[in-house]
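Undergrad: Pasting the sequence and the predicted coordinates here, then a few questions.
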Amino acid sequence: MSAWGIVVAAGRGERAGLGRNKVFFPVDGRSVLSRCLDALAGAAAFDGLVVVIAEADAAEYHALVAREGENPLVRRVVFGGDCRRRSVYNGLRALPAGVGIVAVHDAARPFVSPEVVQATLDSARAYGSGVICTPVTDTIKRVRPDGAVETLDRAALRAVQTPQAFDCARLLAAHARAEAENWDATDDAALFERMYGSVRLVTAPGAEVNRKLTTKADFDGLRHRAMRVGSGYDVHRLCEGRRLVLCGVDVPHEKGLDGHSDADVAVHALMDALLGALGEGDIGRHFPDSDPAYAGISSMKLLAEVMRLVRGKGFRVVNADVTIVAQRPKLAGYIPRMRENLAAALCTDAVNVKATTTERLGFEGEERGISAQAAALLEEV
């Protein structure tokens, strides 16, 4: 039994506040409508699609096709009516003869999964209708005309989405009667229920993310946020008469690290990772050892300055990983405090600190110095 889809894209989408039909709005370089058509074609379940657009959007649709390419499954494009019901009716009348099953889908739902599509079509073939739905998780109140409030049993409630699939002849008959008698309905399931008494509800994997893009907040939530990765490396010589400071923690040892500041090699590596992710050079550029202002300064204070730069550039730290390479002293007992210090400074709990030896190889193994490596991931906010 052949199956066709009707993609409804004739609305104005005024609640989105985009100044244009929201289905033509680009999401990461590709329009909502194209993404919806791609998803339906990817389900490999339809013989063809009819796209219903507003006559006023004809030029924009043709520009979209020229820019993004025409989906090969789209067989016909028709103009909609003055309401959603009439737009779907126009789409139904544009179907070729002999279509067995038809699924109506909102173009503003571009995240539909193949499982959702197949579940609705299978149900329509078996029962005459298949309407995708999800359980209601919010408590729903009904306000009566007299102002009294009634709490509904949400266990018996479902939130209905599209696609909604039906026996094509039966849905066409329901629409013809709705047109003749001017029925009002918010979706095709309501028309089918009025004509035939009920519809079959189905669930499927992917229904929970098959959301409809309606408001500007929905589109803002889809904005691509840049991700930046940086790495850092630093080394300092061990010498007598200096404190050993690592990640802001004083570690008892007979030697400390030599440097202009407190020589916190781990924090220095982390700062270089953050600056590298931003493309802002290294710590030598920002805190030169020729500047007396930084003599003996806590590297945690310098890290706070780097974090101000991170925020000023519009980023946040997603996670950071620091490795300290030292033969001695043993650092395991100090790592929890180190991690706490860095987590507070970076404003994220996703911080890892670890220590390793070199099995007495190299300058670290010979206890002439300590090195550190760091990686950091930043996300645009």
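TA: Looks like it came in fine.

Undergrad: as a whole number, average confidence for stretch 105-116?
TA: Throughout stretch 105-116, pLDDT has a mean value of 96.

Undergrad: no wait, stretch 154-164
TA: 95.

Undergrad: can you check stretch 222-229 too?
TA: Mean pLDDT, stretch 222-229: 82.

Undergrad: next one: stretch 251-263
TA: 97.

Undergrad: Residues contacting it from elsewhere in the structure, which ones?
TA: Identification of contacts with stretch 251-263 by C-beta atoms under 8 Å, 6 or more residues apart in numbering yields 236-245, 264-265, 287, 289, 294-299, 302, 328-329, 331, 334, 367, 369-370. C-beta coordinates here come from the backbone N, C-alpha and C atoms, glycine included.

Undergrad: Please put the alpha-carbon coordinates of that stretch into PDB.
TA: The C-alpha trace of stretch 251-263 is given here as PDB (Å, rounded to 0.1, in the frame of the first residue of the first chain):
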ATOM      1  CA  VAL A 251      53.200  20.600  49.200                       C
ATOM      2  CA  PRO A 252      55.800  19.900  51.900                       C
ATOM      3  CA  HIS A 253      59.100  19.000  50.200                       C
ATOM      4  CA  GLU A 254      62.800  19.800  50.700                       C
ATOM      5  CA  LYS A 255      62.800  21.700  47.400                       C
ATOM      6  CA  GLY A 256      60.500  24.000  45.500                       C
ATOM      7  CA  LEU A 257      60.100  25.200  42.000                       C
ATOM      8  CA  ASP A 258      62.200  28.100  40.700                       C
ATOM      9  CA  GLY A 259      60.400  31.000  38.900                       C
ATOM     10  CA  HIS A 260      59.400  34.600  38.800                       C
ATOM     11  CA  SER A 261      56.000  33.900  40.400                       C
ATOM     12  CA  ASP A 262      55.300  31.100  42.800                       C
ATOM     13  CA  ALA A 263      56.200  28.800  39.900                       C
END
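
Undergrad: Closest to the centroid, which residue in this structure?
TA: Closest residue to the average C-alpha location of the chain: L222 at 6.0 Å, with C-alpha atoms, centre = their mean.

Undergrad: how about that residue, what does it touch?
TA: 27-28, 213.

Undergrad: Could you list the domains of this protein?
TA: Using automatic domain parsing, the domain parsing of the chain gives 3-220, 227-380.

Undergrad: Tabulate the ones you listed (JSON lines), appending mean neighbour count.
TA: As requested, those are exported to JSON lines (neighbours: other C-beta atoms under 10 Å):
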{"stretch": "domain 3-220", "mean neighbour count": "18"}
{"stretch": "domain 227-380", "mean neighbour count": "18"}
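
Undergrad: got the residue ranges for the strands in the stretch 51-200 of the chain?
TA: Here the stretch 51-200 of the chain has its strands, by DSSP state E, counting those that start in this stretch, at 74-79, 101-106, 129-135, 141-143, 149-151, 158-167.

Undergrad: For these, give me TSV that also has distance to G232.
TA: Output for the strands of the stretch 51-200 of the chain, formatted as TSV (distance: least, C-beta to C-beta, whole Å):
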stretch	distance to G232
strand 74-79	51
strand 101-106	48
strand 129-135	46
strand 141-143	55
strand 149-151	56
strand 158-167	47
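
Undergrad: quick one: which of these is nearest T348?
TA: With C-beta to C-beta as the measure, strand 129-135 is the member of the strands of the stretch 51-200 of the chain nearest T348 (32.3 Å).

Undergrad: And the nearest residue to R144 once chain neighbours are set aside, how far from V136?
TA: In this structure, R144 finds its nearest non-sequential neighbour in E150, 6.5 Å apart by C-beta to C-beta, 6 or more residues apart in numbering. Distance from E150 to V136, counting by C-beta to C-beta, to the nearest Å: 15 Å.

Undergrad: Also V322?
TA: Distance from V322 to V136, by C-beta to C-beta: 46 Å.

Undergrad: shaky segments in this structure?
TA: Within the chain, the stretches with pLDDT under 70 are 13-19, 223-224.
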